[in-house]
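K.L.:
Provided below for reference: sequence and predicted model.
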Amino acid sequence: MFSLFYGLWEYVFSKTEFHVLILGIDKAGKTTLLEKLKTLYSNLQGLPPDRIVPTVGLNIGRVEASKTKLVFWDLGGQVGLRPIWEKYYEEAHGIIFVIDAACPSRFEDSKSALEKVLRHEDLQGAPLLILANKQDLSGAITAEEVARYLDLKELDERLYMFEAVSAYDGIGLGIKDAVDWLVEVMERSKRTATLRVRASGAAPF
Ligand SMILES: Nc1nc2c(ncn2[C@@H]2O[C@H](COP(=O)(O)OP(=O)(O)OP(=O)(O)O)[C@@H](O)[C@H]2O)c(=O)[nH]1
Ligand SMILES: [Mg+2]
């Protein structure tokens with residue numbers, strides 16, 4: 001009986017937890033973004049950019065947004081590390097894909113990496129936030145230009161948004177707005193409902 005009430009109490013009062021993958025090619029600014037997210041969503045100060053090194057394994061960041069817990073998984077973007085990404089797909093509620101908007105020579109690499117992510121069946125229906133990062137640099141292109149360049153056919157039937165940000169930016173307004181959007185769509189996505197059923201061990205209906 002106790003466990004029944006405890007289960008109900010947990011269901012009603014515990015915060016929903018979302019797993020968010022931060023993907024993108026190397027040097028796009030994923031880890032810098034993760035550290036900025038920690039600063040924006042908690043009292044803890046994230047690492048400053050000059051202390052961040054290229055990611056080889058996985059960086060995890062846990063923060064609490066208003067009604068939810070967010071667990072960010074930041075993976076290394078070097079070519080040899082990208083095959084590791086798919087190990088995390090099944091459990092992810094949403095994706096943040098980071099692009100260095102100031103580095104045109106690497107747009108093609110970003111485009112094909114993102115296309116591959118979106119084609120993977122383990123990520124079906126996962127809401128997608130594409131960040132055109134490094135807006136503080138003079139050569140950076142806008143979020144609309146990034147969207148036009150990527151011209152993704154794979155976006156059909158997926159909730160997505162493009163946003164221009166700078167992971168260096170102190171206030172991080174664009175970042176917060178974009179992450180708030182992601183939380184909102186993850187809350188009502190079919191994929192979240194499916195992951196919840198799977199986590200509870202109940203048979204799908
Ligand atoms: N100007 C500017 N530089 C940035 C910004 N975000 C990241 N950088 C710089 O870009 C470089 C790469 O940043 P990281 O955060 O390590 O990139 P990453 O995507 O995590 O790279 P991997 O871990 O190798 O996949 C570093 O020199 C950062 O300081 C930004 O918004 N503006
Ligand atoms: Mg990194």
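P.N.:
Happy to help now that I have it. Residues are numbered from 1 along each chain as shown. Ligands and ions are numbered 1, 2, ... in the order given.

K.L.:
show me what contacts the residue lying closest to N133 once chain neighbours are set aside?
P.N.:
Closest residue in space to N133, ignoring its immediate chain neighbours: G29 at 4.3 Å, by C-beta to C-beta, 6 or more residues apart in numbering. (C-beta placed from N, C-alpha, C; glycine too.) When contacts are counted by C-beta atoms under 8 Å, 6 or more residues apart in numbering, G29 is found next to V98, D100, N133, K134, A167.

K.L.:
contacts only, for the last one.
P.N.:
By C-beta under 8 Å, 6+ apart, the contact list for A167 reads G29, T32, L33, E35, K36, P49, N133, K134, I175.

K.L.:
same thing with the first one?
P.N.:
Contact analysis of V98 by C-beta under 8 Å, 6+ apart lists I22, L23, G24, A28, G29, K30, L33, L131, N133.

K.L.:
if we ignore the residues flanking it in sequence, what's nearest it?
P.N.:
Once chain neighbours are set aside, the closest to V98 by C-beta to C-beta, 6+ apart is G24, at 3.7 Å.

K.L.:
wait, that neighbour sits on F107?
P.N.:
No - when contacts are counted by C-beta atoms under 8 Å, G24 is not listed as touching F107 (11.8 Å).

K.L.:
neighbour count winner among those two?
P.N.:
For G24 versus F107, neighbours defined as other C-beta atoms under 10 Å are more numerous around G24 (26 against 18).

K.L.:
returning to what we had before: could I get the contacts of V98 as TSV with pLDDT and secondary structure?
P.N.:
Rendered in TSV, the data for these read as follows (pLDDT from 0 to 100; DSSP: H, G, I helix; E, B strand; the rest coil):
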residue	pLDDT	secondary structure
I22	98	strand
L23	98	strand
G24	98	coil
A28	98	coil
G29	98	coil
K30	98	helix
L33	97	helix
L131	97	strand
N133	97	strand
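
K.L.:
most surrounded residue in these?
P.N.:
Scoring those on neighbours with other C-beta under 10 Å, the highest-scoring entry is L131 at 31 neighbours.
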